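Undergrad: structure for this input, please:
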Amino acid sequence: SEEEEEEKRPHIVILGGGFGGLNTAITLSTLPFDIKPRITLIDKKDRFVFLPLLYELCVNDASLDEVAPTYTDLLKDVNVEFLCAELQGID
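TA: Numbering: from 1, shown residues only. A predicted model of the protein is given here:
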């Protein structure tokens, strides 16, 4: 079944959606794997905050979506699932 095939695919889970985590997720989604893995990015916040532009938000030179876009918006055109959650542990 389709669900069984999905379970057989490798699953890459990236913890943290900062510059490193977000860039890793997007880059991995473009690589030519023999078997395309599922890629999940997990972060406890729903927005990627671009700190260098934070001052522009404070002085009304930029909008919230420009300075802190949602991960859902950033990942809408790539094969990466976003999960807004706080990790309790790894087994």
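
Undergrad: in stretch 2-11, what's buried?
TA: By 16 or more other CB atoms under 10 Å, stretch 2-11 has no buried positions at all. Quick note: C-beta positions are derived from backbone N, CA and C, even for glycine.

Undergrad: go on, stretch 26-37?
TA: Neighbour-count burial for stretch 26-37 [16+ other CB under 10 Å]: Ile26, Leu28, Ser29.

Undergrad: ok, now stretch 44-58?
TA: Arg47, Phe48, Leu57.

Undergrad: run through the strands of the chain in chain order.
TA: For the chain, the strands defined by DSSP state E occupy 11-15, 38-43, 81-84.

Undergrad: of those, which stretch is the most buried?
TA: strand 38-43 (a mean of 20; mean count of other CB atoms under 10 Å).

Undergrad: confidence score at the residue nearest to Leu15 when sequence neighbours are not counted?
TA: Counting by CB to CB, 6 or more residues apart in numbering, Ile42 is the residue found nearest to Leu15 once chain neighbours are left out, at 5.5 Å. Confidence at Ile42, expressed as pLDDT, is 98.

Undergrad: could you measure from the spatially most central residue of the chain over to Ser1?
TA: Closest to where the C-alpha atoms of the chain average out (CA atoms, centre = their mean) is Leu41, at 4.2 Å. From Leu41 across to Ser1, the span is 27 Å (CB to CB, to the nearest Å).

Undergrad: any chance of the strands of the chain in CSV, with distance to Asp65 too?
TA: Output for these, formatted as CSV (distance: least, CB to CB, whole Å):
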stretch, distance to Asp65
strand 11-15, 23
strand 38-43, 17
strand 81-84, 16
